[in-house]
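In: my questions are about this predicted structure, shown below with the sequence.
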Amino acid sequence: MTGRTALVVGASGIVGGATAALLADKGWSVHGLARRPGAQDGMQPVVADLQDAAGTAQALRDLRPDAVFITTWARQDSEAENIRVNGAMVRNLLDALPKPDKPRHVALVTGLKHYLGPFEAYGHGHLPQTPFREEQGRLDVANFYYAQEDELFAAAARDGFTWSVHRPHTVIGKAVGNAMNMGTTLAIYATLCREAGQPMVFPGSAAQWNGLTDMTDAGQLADHLLWATETPAAHDQAFNVVNGDVFRWQWMWGRIAEWFGVEAAPFDGTLRPLEAQMADAAPRWAAIAQANGLIEPDLHRLASPWHTDADLGRPIEVVTDMSKSRRMGFTSYRATDAAFFALFDRLRAERIIP
């Protein structure tokens, strides 16, 4: 046992769940905070709504973690509201924790919207050159990731803890009810296509179909979070974090279709968003779930086509440079197709897909 205590914020999500599992496996005492934490081996649930400052302070009044992992956010109707709400959530969390009387590290997970802009201006205007590098800094646009960082930096200066910021590309992992979940969304879409005897139609842009890209497995990100926590040279630094391979969707789309035993339709350059393709799919999914004894008949708790469309519809090639972490000693690697297949195997084993 390490004797160390961790607070994983957003423990019910893709990243939080993977991080809590890794820490528990490494002998940490893990507290998992969420509005509805659920049950997970090796994790003590902490029920709190970060938008409620007083309630959060009450829930955390006796907790003095060695490390805090912030892996959550709340989607709002505008970027102004995203900034207000998500900035306040980080502030309420860090204000609620008793001031550390020993070394503490706080890791914040954001993402490539740091370089691509917020949802309202995603992939538009003047963008930094790819591959994205940490030294490229912020865009001249309001962004809730920047608001989260600023709250982290202010609390670190006040309370004396170290910090790290982690910017993954699209994350592959398992969680039910997650707002950004490409892997499960594609698994649901492929299953719907197979059951209907239809080919999988790529929903995105020619730039994504033909260009290079990368992704981040949730386990890779969890490894990176723990590495930065335990590596003094990585303290007070921001990092990109991806699997380490690159691919083109014209190749990956066929790989995913093959796993599900579905034909991949030829791409003709036309955008066919999943939101439109899956618009009437909820009753069909409910019928598939009932026929196969699946645990979740509500399509909307499993699939987030709007987010997958945002990623696959980008008009530019998106590749992430990870040299900074490599130079500092982080050498972990995941093959992205294998990450997808491992997720699909898990979804099938847990009766989320047939």
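Out: Yep, that arrived.

In: helices of the protein, start to end?
Out: Taking DSSP state H as the criterion, the chain contains helices spanning 14-25, 53-59, 79-96, 113-116, 144-159, 182-196, 206-210, 218-230, 249-260, 274-277, 282-292, 305-312, 323-327, 336-349.

In: now the fourth one, how far from the centre of its chain.
Out: Computed by Cα atoms, centre = their mean, to the nearest Å, the separation of helix 113-116 from the middle of its chain amounts to 14 Å.

In: packing partners for that helix?
Out: helix 144-159 (3 or more Cβ pairs under 8 Å, 6 or more residues apart in numbering; DSSP states H and E). C-beta: built from backbone N, CA, C; applies to glycine.

In: if you set the cut-off to 6 Å instead, what comes out?
Out: Taking 3 or more Cβ pairs under 6 Å, 6 or more residues apart in numbering; DSSP states H and E as contact, there are no helices or strands that helix 113-116 lies on.

In: send the alpha carbons of that helix over as PDB?
Out: The C-alpha atoms that make up helix 113-116 are tabulated as PDB, following Å, rounded to 0.1, in the frame of the first residue of the first chain:
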ATOM      1  CA  LYS A 113     -10.400  22.800 -27.600                       C
ATOM      2  CA  HIS A 114      -7.400  24.600 -26.000                       C
ATOM      3  CA  TYR A 115      -6.100  24.800 -29.600                       C
ATOM      4  CA  LEU A 116      -9.300  24.400 -31.600                       C
END
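
In: same question for that helix, mean pLDDT?
Out: Along helix 113-116, the predicted confidence averages to a pLDDT of 92.

In: for that helix, buried residues please.
Out: 113-116 (16 or more other Cβ atoms under 10 Å).

In: between the residues you listed, which sits nearest Q76?
Out: Each of the buried residues of helix 113-116 was checked against Q76 using Cβ to Cβ; the closest is K113, at 14.0 Å.

In: which one of the buried residues of helix 113-116 is nearest to E151?
Out: Within those, proximity to E151 (Cβ to Cβ) peaks at H114, which comes in at 15.1 Å.

In: my guess is that closest one contacts Y146. True?
Out: No: using Cβ atoms under 6 Å as the test, H114 is too far from Y146 to be in contact (7.7 Å).

In: tell me which residues are up against stretch 302-322.
Out: 122-123, 130-133, 169-170, 179-182, 184-185, 188, 203-205, 207-208, 211-214, 240, 242, 273-275, 278, 296 (Cβ atoms under 6 Å, 6 or more residues apart in numbering).

In: if any of those residues are buried, give me the PyMOL selection for them.
Out: To isolate the buried subset of these in PyMOL, counting by 16+ other Cβ under 10 Å, use the following:
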select buried, resi 123+130+131+132+133+169+170+180+181+182+184+185+188+203+204+205+207+208+211+213+214+240+242+273+274+278+296
